[in-house]
Every structure is written in structure tokens, then in C-alpha cells.
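Student: Okay, here's the prediction I keep looking at, along with the sequence it came from:
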Amino acid sequence: MPVVVIWGDDKPKCDSEVEKIITQNVSQQWSHLNISKFNGDEFNQVFHALDEVQTPPLGDGSRVILIKNNPIFNNRDDLLQKKFEFHTPNIPNSTFLILQSNQKPDSRIKSTKFLKKLINDNKAKEISYKLPNIWDSDKQIQYVEKMCKDLNIKLDKGTSQAIIESIGLDTARLKNELEKVSLYLFAKQENQNEIILKTDHIKELFNDQQSNIFKVIDFLLKNNINQSLVEINNLLNKGEPPLRLLAALTSQLRMHTIVCLLDNEQDIGKICKLAGITNPKRVFYIRKNVRHCSAKLLINIMIKLLNVELSLKKGNNPYNVFAENLMYLNE
């Protein structure tokens, strides 16, 4: 299949799938000539890639053209769509066009509809690796349990939840930490045939300073400003870009604010549309979160975040900006 579409926010798995295709099909001796990588954020590179995909491989093996941050199935661009439709049928059988993105293809776009036809004709393949939503605790636990099973690690009761709270669902880090703890327990336990990971091991061996956007939001909803600032500082210390942190906070708090204001609305579909929520089940989760939270507090937080954005874009110190605005949230 000359066209392979890989998407999802589980980046390590997506990258691993790309490397797997390259390893299985491209000759190592000819790899420097038969592997081309392009950045989809630059349209000129996308057009160049679609031109280059017509070229058969040199020497042995296959040829791979990779477009990262692929825009073809998420941007409405007639010129790009026509070029994709024109060139795709002419791709040599020994050439792979890999289109990688963290976003799911938009089914409303013409190029995505064309992709579906290619898939039905066995001329394209779609592969997705998506992390569980952070609010879906059951799916998160299943994800951790599957990874542990793949690593031959058995979990004691409650351990999977402790892992999530400690290090989150960063796939690369999670796998790395589990592999390290597996080696440690293998050397320590008397029963070498079975490795059982317990909650105590998490506290002992894992870095229990995990901080994420949802922890910050939980503390803000409880009006615990000091602890929310601690979590924000933890994220900044870990290298989280301030504007990206702010965008995530604003997006999530906007949803919470709208759901709170529509507390008496029974039409869940209407709430989802206004709040930009794709999964209706999430409305019930958010309603539970804002049950004891006033709309006034949420609106005040949103106003403060606008001030944070203005200050950050002026180049001010992010630690000071968040502290100065959120510390006086109740004023």
C-alpha cells in the first residue's frame, strides 16, 4: 500500500510505526538516498514531497517519503487537495508516502473522502495511536495495564492508578520507568519468575512529582490558589512552554465555565456544541467537577488568564505573571 496515514497523540508509538515501515522496506545501504522527510507546517515542503513521491527508489529496496505534521486531511485547501488526488494514483508500488499527524483526519474534507476511497481500494492504510482522554480514568487504567502486560509486569490492586498519578500517560516516559522498575524488582525479588509491582514500589521508585493541567484546574476550581501555583511552577520547571500551558488551561476552563453556566440545560448536545466538547460523556464529568464551584469564580479565572496572556506576550517572566494574576483571584 503506497499511502500510509498515521495519526494520534501517542507520538512515540506513531514514530515507532514510521521507523518500522522504514526498517522493513528500505535498504540500509541505500537509505540515505531513499528516505526523504518533510515538514507539513510548510506548504512548500508538502508540495515538494508530493512531487518527489513520483520518483522510484534508487538501488535496492523501497523508497519512503514522510510528511510530518501532515495538513492534507485537516486543512481546507483546494490546490493541496487537487495535487494530492492527481499524484497519489501514480505512486510507484515500491514507494511509500507516509502522512503523519497528531490529528484525526477531518471526514468533512474532500481529500479525506478521497483517502477513504483509496483505503477501500487497498491503495492506502490508516493507522492510529491515540492516548486515552485524561478524564477517562477507566481507559487510562486499561492503557497502563496493557503496557505492563506487554512488559510481563503484574500489578497489585490500585497500582495502575498510582502509576497514572505519579507519572501520567507520557508513553515514552511510562515505558522507560516501567522497564527500569522491572529490572530493579527482578534483581530484588526472590521469585524471579514473576514481577509484581505494588503501590509502595511507586512511592519508592517513581518520581512522585507528576503535575499536569488537570491538577492545576482541580485546585483552581477548589479556589486553592497556592497549590495551583505550585503545580504551574512544576510544569514550567519541566520545560512546559508558558503559552502552551496557558492555552491548555484556557481551553479546559472555558469548557468548565460553559458547562457551569448551563447547569440547568438538559440538552447535552447543545452543551457540547457551545463548549466544544466532542464526547457527551465528558459533560457529566465536568458537571461533577463544578458542582461546588460558582460561575463567578470561573469567569474571574478566565479574566485573569486573559491578563496572563497579555503579560506573557510582552515577554514577562512566566513564574511572576501567573503568580501576580492568580494570587489575587478573589479580589
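Tutor: That came in fine, so what should we check first?

Student: Find the nearest non-adjacent residue to residue 221, please.
Tutor: Closest residue in space to residue 221, ignoring its immediate chain neighbours: residue 293 at 4.8 Å, by C-beta to C-beta, 6 or more residues apart in numbering. Every residue, glycine included, has its C-beta placed from N, CA and C.

Student: Report the secondary structure element holding that neighbour.
Tutor: Secondary structure assignment for residue 293, by DSSP states H and E: no helix or strand.

Student: so who does it touch?
Tutor: By C-beta atoms under 8 Å, 6 or more residues apart in numbering, the contact set of residue 293 is 221, 222, 256, 260.

Student: where does the second one land on pLDDT?
Tutor: We have a pLDDT of 87 for residue 222.

Student: Kindly report the same for the third one.
Tutor: Confidence per residue is given as pLDDT, and for residue 256 that number is 91.

Student: A helix includes it, no?
Tutor: Yes - counting by DSSP: H, G, I helix; E, B strand; the rest coil, one finds residue 256 located in a helix.

Student: thought it was touching residue 287?
Tutor: No - with contact defined as C-beta atoms under 8 Å, residue 256 does not count as touching residue 287 (9.4 Å).

Student: so what are the domain limits for this protein?
Tutor: 3-128, 137-205, 213-326 (automatic domain parsing).

Student: weakest of these in terms of mean pLDDT?
Tutor: Per-stretch mean pLDDT for the domains of the chain is lowest at domain 137-205 (a mean of 78).

Student: now that domain, how far from the centre of its chain.
Tutor: Centroid separation for domain 137-205 versus its chain: 21 Å, with C-alpha atoms, centre = their mean, to the nearest Å.

Student: what sits against residue 292?
Tutor: For residue 292, the contact set (C-beta under 8 Å, 6+ apart) is empty.

Student: Residue 256 and residue 287 - which one has more neighbours?
Tutor: Neighbour count, other C-beta atoms under 10 Å: between residue 256 and residue 287, residue 256 has more, with 22 against 15.

Student: Moving C-terminal from the helix or strand hosting residue 162, which element do we reach first?
Tutor: Per DSSP H and E, residue 162 falls inside helix 159-167. The helix or strand immediately downstream of helix 159-167 is helix 171-188, counting by DSSP H and E.

Student: So which bits of that following helix are buried?
Tutor: Residues of helix 171-188 classed as buried by neighbour count (16 or more other C-beta atoms under 10 Å): 171, 174, 177, 178, 181, 182, 185.

Student: buried set for the helix or strand following it?
Tutor: Following helix 171-188 in sequence order, the next helix or strand is strand 195-197 (DSSP H and E). Buried residues in strand 195-197, counted by 16+ other C-beta under 10 Å: 195, 197.

Student: List the buried residues in whichever helix or strand comes after strand 195-197.
Tutor: Following strand 195-197 in sequence order, the next helix or strand is helix 199-205 (DSSP H and E). Judged by neighbour count using 16+ other C-beta under 10 Å, the buried positions of helix 199-205 are 199, 201, 202.

Student: Where do the strands of the chain begin and end?
Tutor: 3-7, 35-39, 63-68, 95-101, 124-128, 153-155, 195-197 (DSSP state E).

Student: which residues are contacting the last one?
Tutor: By that I understand strand 195-197. In this structure, residues lying in contact with strand 195-197 by C-beta under 8 Å, 6+ apart are 148, 152-156, 159, 163, 178, 181-182, 185-186, 189.

Student: Turn the buried residues of helix 199-205 into TSV, columns for distance to residue 43.
Tutor: Output for the buried residues of helix 199-205, formatted as TSV (distance: C-beta to C-beta, whole Å):
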residue	distance to residue 43
199	50
201	49
202	46
